[in-house]
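A.B. asks: here you go, sequence then predicted model.
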Amino acid sequence: VICYIGIGSNLDNRRKNILRAIGLLKKDKNIKLIKKSRLYETNPLAGPAQGKYLNAVLKIETVYSPHTLLDKFKAIESALGRRSSSIKWSARTIDLDILFYGKRIIKSKKLTIPHPEIKNRIFVLKPLTEIAPGLIHPVFRKTAKRLLKEYCIPHKK
Ligand code: A4P
Ligand code: MG
């Protein structure tokens, strides 16, 4: 199954964290890295005050089920020393999110796929459009390029 993965870091050596996470993904025989976007420096979206992120999107192929893939990502996050925080959207050494898992639409207690925030996140839409402009979002039925074009920042009153 072809999957798209969002990766981000805003603590310690951000670039090194991302490259190490990609290294660990590549080591897994059941995960094949097909494409990776450039690294984008992005402003933190939501959450408490924190430093800028580096973000990227990866295209992988895997035989893992969505939940097993999530477990693998959690293992990589803890291998890279991510501490679990009770504060939503706080700074992190590494974060791996499943953006798309083939064309599957999943809503379970542990997983929502496609990732529900894709359309609100420039730090996902930019790198995604770089590597897969024609990819169709299975819920909105729009391409990545289109979602990026429609992206706008919600107006705060
Ligand atoms: N979960 C549900 N759906 C998914 C999915 N599609 N992929 C569940 C991965 N996980 C999914 O995640 C919490 C739980 O979400 C998981 O245990 C899983 O069961 P987490 O990574 O432990 O916690 P989190 O990342 O703090 O929460 P959340 O809500 O996933 O936050 P996001 O969406 O990851 O956003 N600004 C910039 N510029 N760049 C960023 O990368 N990231 C965030 C975090 C906020 N602001 C950012 C960035
Ligand atoms: Mg996450």
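C.D. replies: That came through, no problem. Ligands and ions are numbered 1, 2, ... in the order given.
A.B. asks: what's next to stretch 12-29, contact-wise?
C.D. replies: Applying Cβ atoms under 8 Å, 6 or more residues apart in numbering, the set of residues contacting stretch 12-29 from outside is 7-9, 11, 31, 33, 36, 39, 53-54, 56, 58, 60, 72, 76-77, 79-80, 93-94, 96. From N, CA and C alone the C-beta is placed, and that goes for glycine too.
A.B. asks: briefly note if it comes near ligand 2.
C.D. replies: No: counting by Cβ under 5 Å from the ion, ligand 2 is not contacted by stretch 12-29; separation bottoms out at 12.5 Å.
A.B. asks: run the chain-centre distance for that stretch.
C.D. replies: 13 Å (Cα atoms, centre = their mean, to the nearest Å).
A.B. asks: just stretch 95-113 next, same as before
C.D. replies: 10 Å.
A.B. asks: can you list the buried residues in it?
C.D. replies: Counting neighbours by 16 or more other Cβ atoms under 10 Å, one finds that the buried residues in stretch 95-113 are Asp95, Leu96, Asp97, Ile98, Leu99, Phe100, Tyr101, Ile113.
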